[in-house]
Every structure is written in structure tokens, then in C-alpha cells.
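Engineer: Below is the sequence, then the predicted model.
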Amino acid sequence: MKEVAILLLITLMLNGCGSSTTTSTQTAAGGTWQAALSGGESTASGFSFITQFAVSGTGGTLSISYFQFLNSAQCFPVSGGTVAGSMILTENTTNFTVTGPFSFTVQSGGNTLTLNGNVTGTENGLNGTTLSSGSVTGTWSLAGGTGCNDATGGSFTMTQH
């Protein structure tokens, strides 16, 4: 019985080593981000945009204050339409790396552009207050009307500025 108690105590102590946290870096991950999408066919290709957002709490919902395509396309106006997303970050407090899932959608005129990927970056080491060198890589797809439907999509990169 004594051995079980000792093993339980050691397990609890080790569980705290190399731990991760989401709260402090989470809310400081916003700012201006730029995305470039590759792949796709015809009018369902060549998208790039810039966006500005704040990340709210551990739920990771993006509060988007600015969005604009950098190129006009048949599928979306330059101003984009309705945008939404989430970014849920986990910080490794041992080496200050930050990772997490990312999702983003743009909807306009019956067309929906969906991006899903993974965020990577580093935290500045000061109580997890600022994400730096943030980037997202992943895949995108487009559902919509004629010329704006590409379920295969392609890949994208998004970088923090």
C-alpha cells in the first residue's frame, strides 16, 4: 500500500513538469495576419488575403476587426463577406513553443471558403504574453456556385505580421 501511495505522489509531481497552458498566450495571439492559398482551379484559385483579429480566451474564437482579399475574384468581393474563425493555442512552458488548431471561413453570395490548419510560433517567455513568429499551414476548400466550387482546394500558409 505504501508503494502505491509513493507512486501516486511521484506521478502527480511529474505531471507538472513540461506542462502546457492556453490562457495567457491565447489572448495575445491576435494582430495582423496575411494568407496565401495555392492550388485550386480556374476562378477557384489564387486567393490571398489580410486580416486582423483578436483571440478571445480559452475558447479561441476570433474577433475579426478587418478582412480584405488582396486580389479580386469571381467568387468573392474584395471586402470578402462574413468571416469567422478560431485559434486554440497551447504553450509548452519548458521551451515556449506554441501550437494549436486553426479554422477560418469566408462566406459571400452562397460561396464558402474554409481553411483548416495548425498554428506554430513562440511565446516571448514573459508569462506567456505575446505570440511571435506565428504561422499557420493547412488546407483549404471552396463550396459554392459555378466556378466557385473546389472541394479538393489546396494548401495555404498564413503568417503573423
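Structural biologist: Nice, thanks for sending it over.

Engineer: OK, contacts around the residue nearest to the spatial centre of the chain?
Structural biologist: By CA atoms, centre = their mean, the chain has its centre lying nearest to Phe102, at 2.9 Å. The neighbours of Phe102, taking CB atoms under 8 Å, 6 or more residues apart in numbering as the test, are Gly85, Ser86, Met87, Leu115, Asn116, Gly117, Asn118, Val119, Val136, Gly138, Met158. C-beta coordinates here come from the backbone N, C-alpha and C atoms, glycine included.

Engineer: For the protein, which residues score under the pLDDT cut-off?
Structural biologist: For the chain, applying pLDDT under 70 flags the ranges 1-28, 57-58, 72, 125-129.

Engineer: which residues of it fall in helices?
Structural biologist: Taking DSSP state H, the helices of the chain run over residues 2-15, 23-27.

Engineer: returning to what we had before: against Gln74, how distant is the residue nearest to the centre of the chain?
Structural biologist: Distance of Phe102 to Gln74, given as CB to CB, to the nearest Å: 26 Å.

Engineer: what's the answer for Thr146, then?
Structural biologist: In this view, Thr146 and Gln74 are 9 Å apart by CB to CB.

Engineer: and these two? which has more neighbours close in?
Structural biologist: Gln74 (14 against 7; other CB atoms under 10 Å).

Engineer: Surely the more buried one is in contact with Gly145?
Structural biologist: No: the pair Gln74 / Gly145 is not scored as a contact, 9.3 Å apart, by CB atoms under 8 Å.

Engineer: which stretches of this structure form strands?
Structural biologist: In the chain, the strands defined using DSSP state E lie at 20-21, 31-41, 44-45, 48-56, 61-69, 82-87, 90-92, 97-108, 111-123, 131-143, 150-160.

Engineer: and those, which is most packed in?
Structural biologist: For the strands of the chain, average neighbour numbers computed from mean count of other CB atoms under 10 Å are highest in strand 44-45, which has a mean of 22.

Engineer: what residues does that strand touch?
Structural biologist: The set of residues external to strand 44-45 that reach it, using CB under 8 Å, 6+ apart, is Leu37, Gly39, Cys75, Leu142, Gly147, Cys148, Asn149, Asp150, Gly153, Gly154.
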